[in-house]
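In: pasting a predicted model and its sequence here:
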Number of protein chains: 2
Amino acid sequence: MISANRNIRRLLRYRNSLCKMQELGFETVYSYNLGRETGVSPEQVRKDFSQFGIKGNKKGGYNINELLITIREIFRKDELQKVIVVGVGNIGNAILQYKGFQKNMIEIVASFDIDPTKYKKKKLPVPVYSLDKLPKFVVEHKINTAIMTVPERVAQDVADLLIEAGIKGIMNFAPTVLKVPPHIHIVNICIGHELESLIYHSLQMGNNGRGKGS
Amino acid sequence: MISANRNIRRLLRYRNSLCKMQELGFETVYSYNLGRETGVSPEQVRKDFSQFGIKGNKKGGYNINELLITIREIFRKDELQKVIVVGVGNIGNAILQYKGFQKNMIEIVASFDIDPTKYKKKKLPVPVYSLDKLPKFVVEHKINTAIMTVPERVAQDVADLLIEAGIKGIMNFAPTVLKVPPHIHIVNICIGHELESLIYHSLQMGNNGRGKGS
DNA sequence: AAATTAATGTTACACTTTTCACAATAAAGA
DNA sequence: TCTTTATTGTGAAAAGTGTAACATTAATTT
Ligand SMILES: NC(=O)c1ccc[n+]([C@@H]2O[C@H](COP(=O)([O-])OP(=O)(O)OC[C@H]3O[C@@H](n4cnc5c(N)ncnc54)[C@H](O)[C@@H]3O)[C@@H](O)[C@H]2O)c1
Ligand SMILES: NC(=O)c1ccc[n+]([C@@H]2O[C@H](COP(=O)([O-])OP(=O)(O)OC[C@H]3O[C@@H](n4cnc5c(N)ncnc54)[C@H](O)[C@@H]3O)[C@@H](O)[C@H]2O)c1
């Protein structure tokens, strides 16, 4: 069985590049092409493909179309994947407005907020419901995944609510480590921490533009 | 010298928890407290502190106040760190509205966009300038770091422009691997990929709630 | 048809990160 | 004061991840 975490992310990067290449009319790609485009070593590219059972041709490289089909199969892109957003504030809004998910068979089907003033928002592509509609909605629409963009203070409570409702995966934007049962998947998007980490590393090497070259 | 990447992220997580503990009136913390709160093993906590030269007391644990001071020193929080945002769309807007950065000595001082209709936005806490004001602004205000929230299509060009202007670190929200010189730091925030990865992992284990326990 | 070539596929190695085990030690208790 | 105890601090083992070397093979050339 496939180990799968870093490779999964890389696979998604490959897919992006492969789509662009396909749009440009290319039919095949070599591991070093794809590596260059995605910042990955050619060996790693081959190894990743090998791990997912993707075969290339000994001299002609990989067929882009086949690659894309296989990658889509790996990600179960045969069926639309439904997601909800909880917390329609700054980030929640931004995500609801974003059109890019559909391309990858992901659809945000509803959003939820505790603040009644949000329910009437007409500019949004999906309705905003009150929180107490959430459990029924999740069950009826068989939702597995939620994007959680609520204030830090309530993040754990909202997560508990989501899990109670049957959600299996949560994308959490609050800078909190959620305590959840082991079968629940969490992805933390910590914009603040990423930014601080970036600033730290930039400061580390000063302004003289001499990073560890190698 | 400190190696520093994973540890840096964990340090930021520790800081979050430590702040909360301090607000609650605690004065000391044990590695296993902090570990529990941040989802890190106690050994890892101790090792991280040890690596950054932080000492605890053989029975009494660590002093929270000292810890916080040291962590702030590591991140050079003596001076305000100035950041710009490029691309005032959905995400750019959300970030500009966010009040949480100041607490950690980060200030977004200006934003830039190619679309003139954005320049008059009055609801924003910082001005939106035209792109051609960027190079001068970056030099005059000694900006090192930029948050880049522009469409994928233009991401590489905008990154080139930023680097040309003297930016050393870029937080990139476009799902593209930027090609940059080795002394430039990039953090990619790939919301789409994170979401797909989350869905993948949730699907992998089916709906029966039996993750690899251990 | 044989040799060469240009790629893939894989095995072994190196590095990084985490976990484990336990030594060290300061505080608390006897 | 001596012993116990609870916790830190760290060196060694293990696991995970990426790199490098090379064996393999199908196409191309001679
Ligand atoms: N905006 C940013 O740039 C940014 C940066 C870093 C981190 N974050 C984090 O992302 C999260 C969201 O940030 P934001 O700026 O969008 O916040 P926001 O305050 O704009 O939005 C939060 C939304 O959640 C809703 N809400 C509050 N309590 C709720 C509950 N119990 N159930 C459901 N909805 C509830 C609010 O009504 C509001 O609409 C926060 O945790 C924040 O720390 C945001
Ligand atoms: N919104 C989301 O939830 C989301 C999710 C995943 C990825 N992303 C990525 O984040 C990025 C931003 O997304 P968004 O939804 O905010 O997009 P958006 O279209 O709302 O905003 C982009 C902004 O960039 C500006 N812009 C365009 N070209 C520019 C240039 N050359 N220089 C400066 N500014 C320029 C536009 O005028 C616009 O204001 C995109 O790359 C997108 O793929 C967004």
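Out: In hand now; what should we look at? Ligands and ions are numbered 1, 2, ... in the order given.
In: can you tell me if stretch A:116-134 touches ligand 2.
Out: No. Figure legend: stretch A:116-134 not in contact with ligand 2 (C-beta under 6 Å from any ligand atom); closest approach 12.0 Å. All C-beta atoms are positioned from the backbone trio N, CA, C, and that covers glycine.
In: endpoints of that stretch, how far apart?
Out: This stretch, stretch A:116-134, spans 14 Å end to end (C-alpha to C-alpha, to the nearest Å).
In: any chance you could list what contacts that stretch?
Out: Applying C-beta atoms under 8 Å, 6 or more residues apart in numbering or on different chains, the external contacts of stretch A:116-134 come out as A:84-86, A:88, A:93, A:96-97, A:108-114, A:137, A:161-162, A:165.
In: just the buried residues of these.
Out: Neighbour-count burial (16 or more other C-beta atoms under 10 Å in any protein chain shown) applied to those gives A:84-86, A:88, A:93, A:96-97, A:108, A:110-113, A:161-162, A:165.
In: before we move on, the earlier item: keep only those of the contacts of stretch A:116-134 that are in helices.
Out: A:N93, A:L96, A:Q97, A:F137, A:L161, A:L162, A:A165 (DSSP state H).
In: do I have it right that the third one meets B:N90?
Out: In other words, A:Q97. Yes. The pair A:Q97 and B:N90 passes the contact test of C-beta atoms under 8 Å, sitting 4.6 Å apart.
In: could I get the ones in helices among the contacts of stretch A:116-134 as a markdown table with pLDDT?
Out: Below are the ones in helices among the contacts of stretch A:116-134 laid out as a markdown table (pLDDT from 0 to 100):
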| residue | pLDDT |
| --- | --- |
| A:N93 | 97 |
| A:L96 | 98 |
| A:Q97 | 97 |
| A:F137 | 98 |
| A:L161 | 98 |
| A:L162 | 98 |
| A:A165 | 98 |
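In: domains of chain A?
Out: A:1-75, A:81-193 (the TED database).
In: as a markdown table, those domains with distance to B:F101 would be great.
Out: Below are the domains of chain A laid out as a markdown table (distance: least, C-beta to C-beta, whole Å):
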| stretch | distance to B:F101 |
| --- | --- |
| domain A:1-75 | 26 |
| domain A:81-193 | 6 |
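In: indicate the residue of chain A located nearest to DNA strand D.
Out: For chain A, the residue closest to DNA strand D is A:K58, as judged by C-beta to the nearest atom of the strand, at 3.4 Å.
In: just the buried positions in stretch A:87-106, please.
Out: Buried residues in stretch A:87-106, counting neighbours by 16+ other C-beta under 10 Å, are found at A:87-98, A:101, A:104-106.
In: number of nearby residues for the closest residue to A:E27 other than its chain neighbours?
Out: Distance criterion C-beta to C-beta, 6 or more residues apart in numbering or on different chains; nearest residue to A:E27, sequence neighbours excluded, is A:I64 at 5.9 Å. With neighbours defined by other C-beta atoms under 10 Å in any protein chain shown, the count for A:I64 comes to 18.
In: what lies in contact with the helix ranked longest in chain A?
Out: What stands out as the longest helix in chain A, according to DSSP H, is helix A:6-23. Outside helix A:6-23, the residues within contact range by C-beta under 8 Å, 6+ apart are A:29, A:33-34, A:37-40, A:44-45, A:48, A:51-52, A:64-65, A:67-68, A:71, A:74-75, B:175-177, B:190, B:193, B:196-197, B:200-201.
In: inside helices: which ones of these?
Out: If you go by DSSP H, those have A:33-34, A:37-38, A:44-45, A:48, A:51, A:64-65, A:67-68, A:71, A:74, B:193, B:196-197, B:200-201 in helices.
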